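Chemist: Need the 3D shape of this:
(one chain, ligands or ions: 2)
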Amino acid sequence: MSAIEMRNIVKEYGDGFKAVNDISLDIADGEFMILVGPSGCGKSTLLRMIVGLEDITSGDMLIGGNRVNEKAPRDRNLSMVFQNYALYPHLTVFENIAFPLRLMKGITEDEIKTRVREAASMLELNEHLDRKPANLSGGQRQRVAMGRAIVRQVNAFLFDEPLSNLDAKLRGQMRTEISRMQRRLGTTTVYVTHDQTEAMTLGDRVAVLRRGYLQQVASPRELYEQP
Ligand code: ADP
Ligand code: ADP
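Modeler: Numbering: from 1, shown residues only. Ligands and ions are numbered 1, 2, ... in the order given. Next up, the predicted model:
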């Protein structure tokens, strides 16, 4: 069974413009799927329809085999990481990462501590748990945003250009972190990027969008190492 299945997904904005046009795509359990394509081709719109932040005009969205078209974001059990990591400035790193757990019922304080420490250790944040976001570097902030995304067990992670605001060196480090995290957790991931190196190192497959259409789905190798 696919983790995420899109069947003939269309997104039409108010003026009749189709930002996403008849996209069908199966993402396997544990697969790391990259979305690429020129600015305005519909990548963010597609991600937002998976998460439930945008209504689907027509077609079906299935998560774990269940149709979720009408389901609210919180009932889809997904984690999204945005380009502009929105951390809570008044909360410590620990509380920022713990935030999604505090919304869960029946979870003990001990369990919260254990899970936050696990996530923080995976992202090398254990020494910074008492700090506030203002006292962190850009890369550390992005790690906290990731920590918050991985602290719960979810059906999938969705990333919208999570590294594009970082400098080249940090991007390289974060790429390694994400790749390690993926190997450890094996969680299905949909990842939007403009960066070919990210697509090559992280992706199992790459979906190429163009003007709302799905143009091609290929392995990074097939796509980038063509003669
Ligand atoms: P990408 O993420 O690939 O840059 P988007 O999904 O953000 O593309 O946008 C796809 C197309 O839909 C663009 O032409 C954009 O201008 C348009 N679009 C996005 N959001 C809206 C909106 N809320 N209303 C109207 N048009 C939109
Ligand atoms: P990105 O470049 O990161 O994909 P954009 O700057 O294109 O994002 O879009 C930022 C926000 O503006 C999004 O929420 C999108 O829905 C909205 N938007 C984009 N294009 C349009 C549009 N043509 N009309 C109305 N809203 C739009």
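Chemist: Let me see the ranges of the strands in this structure.
Modeler: Under the criterion DSSP state E, the chain contains strands at 2-12, 18-28, 32-36, 58-63, 66-67, 78-81, 156-160, 189-192, 205-210, 213-218.
Chemist: Show me what the last one packs onto, helices and strands only.
Modeler: Under the contact definition 3 or more CB pairs under 8 Å, 6 or more residues apart in numbering; DSSP states H and E, strand 213-218 sits against strand 18-28, strand 205-210. No exception for glycine: its C-beta is placed from N, CA and C like everyone else's.
Chemist: avg pLDDT for stretch 24-40?
Modeler: Mean per-residue pLDDT for stretch 24-40: 96.
Chemist: ok, back up a step: need the winner for burial among the helices and strands packed on strand 213-218.
Modeler: Compared across the helices and strands packed on strand 213-218, strand 205-210 shows the largest average neighbour count, a mean of 20 (mean count of other CB atoms under 10 Å).
Chemist: Run through the neighbouring helices and strands of it.
Modeler: Where contact means 3+ CB pairs under 8 Å, 6+ apart, strand 205-210 is packed against strand 32-36, strand 213-218, helix 220-224.
Chemist: next one: that strand to chain centre, how far?
Modeler: 16 Å (CA atoms, centre = their mean, to the nearest Å).
Chemist: separation between the residue nearest to the spatial centre of the chain and ligand 1?
Modeler: By CA atoms, centre = their mean, the chain has its centre lying nearest to residue 158, at 1.8 Å. Residue 158 sits 13 Å away from ligand 1, going by CB to the nearest ligand atom, to the nearest Å.
Chemist: Perfect, I'm done here.
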